[in-house]
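> Next one to model:
(one chain, ligands or ions: 2)
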Amino acid sequence: MQKITILKPDDWHLHVRTGRELKSVIGMSAAQMGRGVIMPNLNPPITNSTQALKYREEIINSLPNGSEFNPLMVLYLTDNTTAKDIEDASKHTHIRAAKLYPAGATTNSDSGVTNVNNIYPALEMMQKVGMLLLVHGEVTHADVDIFDREAVFIKDVLGGLINKFPELKVVFEHVTTKDACDFVVSSSNNVAATITPHHLLANRNDMLAGGIRPHYYCLPVLKRSKPHQSALLGAATSGSPKFFLGTDSAPHLKEYKESSCGCAGVLNAHCAIELYATAFESAGALDRLEGFASKFGPDFYSMPRNQDTTTLQRKEWTVPDSYPCGKSSIVPFMAGEVLRWKVV
Ligand code: DOR
Ligand code: ZN
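Ligands and ions are numbered 1, 2, ... in the order given. Next up, the predicted model:
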């Protein structure tokens with residue numbers, strides 16, 4: 001196949017930051033995606049409607065001229081989020097979801113939730129008004145190995161939460177394990193998951209064998225090829241509407257990644273759909289890319305699918321070594337590597 005045309009995709013999990021970083025990366029998503037679900041883990045986090053709408057304005061003002069990208073906003077849940085905060089947010093069509101970050105799980109999650117019991121009133125209201133719950137699914141206890149944190153979260157937190165709020169729509173974000181794929185498949189139709197391109201294309205060997213490669217470091221951390229990476233590829237290409245596109249593109253300046261304590265996050269927005277096409281082709285499933293990238297996400301969010309299309313062409317090109325950001329730069333996923341698909 002030399003060309004593939006699909007309905008325009010959306011990114012259901014995206015970090016774009018603020019200020020100069022926002023300006024450096026937002027055009028990448030706007031060039032490929034119709035909509036983006038914008039993660040609220042700023043410092044300080046986006047915890048109410050006023051902040052969410054102000055942040056949305058900043059994003060729109062940072063877009064390149066003429067782009068039609070639609071940012072969908074998300075509230076950051078804390079121990080103090082009230083049912084009223086949720087009810088207020090649900091009145092704004094641009095605010096679609098709230099995100100559960102277990103405190104300490106990842107970048108800017110210090111204000112996250114220390115115990116899910118603390119957000120039961122908020123969850124009850126979300127269930128009532130039909131607001132989606134997006135979940136960073138990892139426990140944070142020091143005594144749980146970092147490679148096991150997702151599986152333990154399912155057992156200790158997520159299973160119980162879903163039983164308690166069976167009508168709540170839940171997106172298990174950036175799943176990284178076979179355990180998570182199996183859990184989502186066996187849960188009700190109110191439970192779905194996003195899968196990132198880097199978790200489809202890379203495993204922990206890419207990050208750790210033969211030297212530490214900090215630009216592969218993200219959370220949840222890359223797992224083993226078997227059974228985890230292969231389970232993700234199986235889930236994404238299965239045609240199940242429970243799995244859809246969410247890049248978790250998360251830019252960090254080069255110096256913060258290449259550090260003695262480097263931060264977590266991978267920029268992949270520069271070629272997200274090309275990366276997914278590469279993964280789907282490796283599984284002989286390019287015909288299933290459109291469902292995953294452009295149909296199942298809006299269906300789960302009860303939003304219309306995009307009407308325009310995107311065409312990918314078979315063409316070799318080399319990913320840049322870095323993108324400028326102020327006086328610094330951001331090193332993208334697959335820097336310097338050759339990809340074989342390009343958006344026309
Ligand atoms: O790798 C990650 N980076 N995982 C997250 O959950 C957060 C993100 C970020 O904001 O940098
Ligand atoms: Zn994320």
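
> going forward, measure contacts between C-alpha atoms and count neighbours the same way
OK.

> so who does the residue nearest to Leu7 when sequence neighbours are not counted touch?
The shortest distance from Leu7 to any residue other than its chain neighbours is 4.2 Å, reached at Thr309 (CA to CA, 6 or more residues apart in numbering). Contacts for Thr309 (CA atoms under 8 Å, 6 or more residues apart in numbering) come out as Thr5, Ile6, Leu7, Lys8.

> Mind doing that once more with 10 Å?
Contact partners of Thr309, counting by CA atoms under 10 Å, 6 or more residues apart in numbering, are Thr5, Ile6, Leu7, Lys8, Pro9, Gly34, Ser294.

> Report the two of those residues separated the most.
The largest separation in the contacts of Thr309, counting by CA to CA, is between Thr5 and Gly34 at 15.0 Å.

> that older thread, let me know the pLDDT of the residue nearest to Leu7.
On pLDDT, Thr309 comes in at 98.

> Compute the distance between it and Gln32, please.
Applying CA to CA, to the nearest Å, the value for Thr309 to Gln32 is 10 Å.

> Need the overlap of contacts for these two.
Lys8, Pro9.

> Determine the number of other residues adjacent to Leu232.
26 (other CA atoms under 10 Å).

> after the helix or strand encompassing it comes which helix or strand?
Assessed by DSSP states H and E, Leu232 sits inside helix 230-236. Counting by DSSP H and E, the next helix or strand C-terminal to helix 230-236 is strand 243-245.

> Which other helices and strands does that following strand contact?
strand 11-14, strand 170-172, helix 178-186, strand 191-195, helix 230-236, helix 272-282, helix 289-290, helix 296-300 (3 or more CA pairs under 10 Å, 6 or more residues apart in numbering; DSSP states H and E).

> packing partners for the helix or strand just after it?
Downstream of strand 243-245, the next assigned helix or strand under DSSP H and E is helix 254-257. With contacts taken as 3+ CA pairs under 10 Å, 6+ apart, helix 254-257 sits against strand 323-325, strand 328-330.

> What residues of helix 254-257 count as buried?
Lys254, Lys257 (16 or more other CA atoms under 10 Å).

> okay if I get the helices and strands packed on strand 243-245 as a markdown table plus mean pLDDT and distance to Leu22?
A markdown table is the format used below for the helices and strands packed on strand 243-245 (pLDDT from 0 to 100; distance: least, CA to CA, whole Å):
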| stretch | mean pLDDT | distance to Leu22 |
| --- | --- | --- |
| strand 11-14 | 99 | 12 |
| strand 170-172 | 98 | 25 |
| helix 178-186 | 98 | 31 |
| strand 191-195 | 99 | 22 |
| helix 230-236 | 98 | 29 |
| helix 272-282 | 98 | 17 |
| helix 289-290 | 98 | 28 |
| helix 296-300 | 98 | 24 |
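
> what about stretch 278-292, start to end distance?
14 Å.

> and it, how far from the chain's centre?
Relative to its chain's centre, stretch 278-292 lies at 19 Å (CA atoms, centre = their mean, to the nearest Å).

> quick one: buried residues of it?
For stretch 278-292, by 16+ other CA under 10 Å, it's Thr278, Ala279, Phe280, Glu281, Ala285, Leu286, Arg288, Leu289, Glu290, Gly291, Phe292.

> which among the residues you listed are in contact with ligand 1?
Applying CA under 6 Å from any ligand atom to those, one finds that nothing falls near ligand 1.

> What is the most widely separated pair among the residues you listed?
Of all the pairs that these form, the one spanning the most space (CA to CA) is Thr278 and Gly291, at 15.5 Å.

> Which among the helices and strands packed on helix 254-257 is found nearest to ligand 1?
With CA to the nearest ligand atom as the criterion, ligand 1 lies closest to strand 328-330 of those, at 12.5 Å.

> now the closest one, how far from the centre of its chain.
Centre to centre, stretch against its chain (CA atoms, centre = their mean), the figure for strand 328-330 is 22 Å.

> Tell me the buried residues in the very next helix or strand once past it?
Note on strand 328-330: by DSSP H and E, the next helix or strand toward the C-terminus is strand 338-343. Neighbour-count burial for strand 338-343 flags Leu339, Trp341, Lys342, Val343 (criterion: 16+ other CA under 10 Å).

> out of those residues, who's nearest ligand 1?
Using CA to the nearest ligand atom, the buried residues of strand 338-343 come closest to ligand 1 at Leu339, 22.4 Å.

> give the contact list for that closest one.
Cys271, Glu274, Leu275, Thr278, Arg314, Lys315, Glu316, Trp317, Thr318, Val319.
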